[in-house]
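Trainee: here is the input, now give the coordinates:
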Amino acid sequence: MVDLIVKAAVKDQLEDQNVASDFYDALDDEVASILDDAARRAEENDRKTVQPRDL
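Mentor: Predicted coordinates for the structure are as follows:
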């Protein structure tokens, strides 16, 4: 599986929080699911281009 998130960017965004090491895998899985859903919506609308409205 490809890493979809950048750990340093997550740490920067959550600068006042500690981040558990397994959080990154869970976040990566969540992002993958969102992307799969967006791609499915685009296909259902006969498009090959994923657009913001697919989120």
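Trainee: check contacts around Q51.
Mentor: A42 (C-beta atoms under 8 Å, 6 or more residues apart in numbering). Heads up, the C-betas are built off the backbone N, CA and C, glycines and all.
Trainee: for it, give me phi and psi.
Mentor: Dihedral angles of Q51 (phi, psi; degrees, to the nearest 10) stand at phi -120, psi 160.
Trainee: how close does it get to A39?
Mentor: Distance of Q51 to A39, computed by C-beta to C-beta, to the nearest Å: 11 Å.
Trainee: in what helix or strand does D46 lie?
Mentor: D46 belongs to no helix or strand when assigned by DSSP states H and E.
Trainee: how many neighbours does it have?
Mentor: 6 (other C-beta atoms under 10 Å).
Trainee: okay, it: pLDDT?
Mentor: Listed pLDDT for D46 reads 98.
Trainee: low-confidence ranges, this protein, go.
Mentor: 1 (pLDDT under 70).
Trainee: contact partners for the residue nearest in space to the middle of it?
Mentor: When C-alpha atoms, centre = their mean is applied to the chain, the residue found nearest the centroid is V31 (2.1 Å). Shown in contact with V31 (C-beta under 8 Å, 6+ apart): 4-5.
Trainee: which residues in this protein form strands?
Mentor: With DSSP state E as the criterion, the chain has no strands.
Trainee: mind jotting down where the helices sit in it?
Mentor: 7-13, 23-44 (DSSP state H).
Trainee: let me know the outermost residue of the chain.
Mentor: Distance to centre of the chain, C-alpha atoms, centre = their mean, peaks at D46 (22.8 Å).
Trainee: and that one, how far from D3?
Mentor: 31 Å.
Trainee: same check on L14?
Mentor: According to C-beta to C-beta, L14 and D3 sit 17 Å apart.
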